[in-house]
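A.B. asks: for reference, the sequence and a predicted model appear below.
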Amino acid sequence: MGQFLMTSMLRQKSESDILASRFDDFDSLASAYVMIYAFELAVGHLFEPEVDIEEVSIFVSDMRRGFGSEFPSLETEALIRHVLGEDVEISDLSVRIKTKAMIFTLMAWADFQQRDEAKVAHLVCDAEQRAITRGHQPELV
């Protein structure tokens, strides 16, 4: 999962497509936690804890302009606000939509980092470590 996140965030599409095709080979869902924790870390870097909701809305609006119509803007805003501690209902969102929202947000975070490979790798390593520390055993490829 870590390599997939890195290649996605760095816009290495051919490599990320190959890695995405291997998701069925994972023997547990623990790797999904790497993505979730990477998303949480990125959101924490993008926004202050007491951020104004309007800032989140503007950020998501900018993402929609950049990523186009396939970007799930309402769902992404809901997930970001949820991570920031707001009481936002996300249980009705499908895993597919949550995944898209997280990946797009991670890509946007990487853009703010000028797609610096070292910074992206650091975020992914921190997410992997957080998953391990919390008792998950993600496949480290």
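C.D. replies: Ah, there it is.
A.B. asks: how far out from the middle of the chain is stretch 103-113?
C.D. replies: Using CA atoms, centre = their mean, to the nearest Å, the mean C-alpha position of stretch 103-113 is found 8 Å from that of the whole chain.
A.B. asks: restrict that stretch to CA atoms and write it as PDB.
C.D. replies: Output in PDB follows, covering the C-alpha atoms of stretch 103-113 (Å, rounded to 0.1, in the frame of the first residue of the first chain):
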ATOM      1  CA  ILE A 103      -6.300   9.500  -2.700                       C
ATOM      2  CA  PHE A 104      -7.200  12.800  -4.200                       C
ATOM      3  CA  THR A 105      -6.500  14.600  -0.900                       C
ATOM      4  CA  LEU A 106      -3.100  12.900  -0.700                       C
ATOM      5  CA  MET A 107      -2.400  13.900  -4.200                       C
ATOM      6  CA  ALA A 108      -3.300  17.500  -3.400                       C
ATOM      7  CA  TRP A 109      -1.100  17.400  -0.200                       C
ATOM      8  CA  ALA A 110       1.800  16.100  -2.400                       C
ATOM      9  CA  ASP A 111       1.200  19.000  -4.800                       C
ATOM     10  CA  PHE A 112       1.600  21.500  -1.900                       C
ATOM     11  CA  GLN A 113       4.900  19.700  -1.200                       C
END
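A.B. asks: quick one: contacts of it?
C.D. replies: Contacts with stretch 103-113, where a contact means CB atoms under 8 Å, 6 or more residues apart in numbering, come from 5, 8-11, 35, 38-39, 42-43, 45-46, 59, 63, 66-67, 71-72, 76, 79-80, 116, 119-120, 123. For every residue, glycine as well, the C-beta is placed using N, CA and C.
A.B. asks: which among those end up buried?
C.D. replies: Neighbour counting by 16 or more other CB atoms under 10 Å classes 5, 8-10, 35, 38-39, 42-43, 46, 59, 63, 67, 71-72, 76, 79-80, 119-120, 123 among these as buried.
A.B. asks: so residue 130 sits right up against residue 37, yeah?
C.D. replies: Yes - assessed by CB atoms under 8 Å, residue 130 is found in contact with residue 37 at 4.3 Å.
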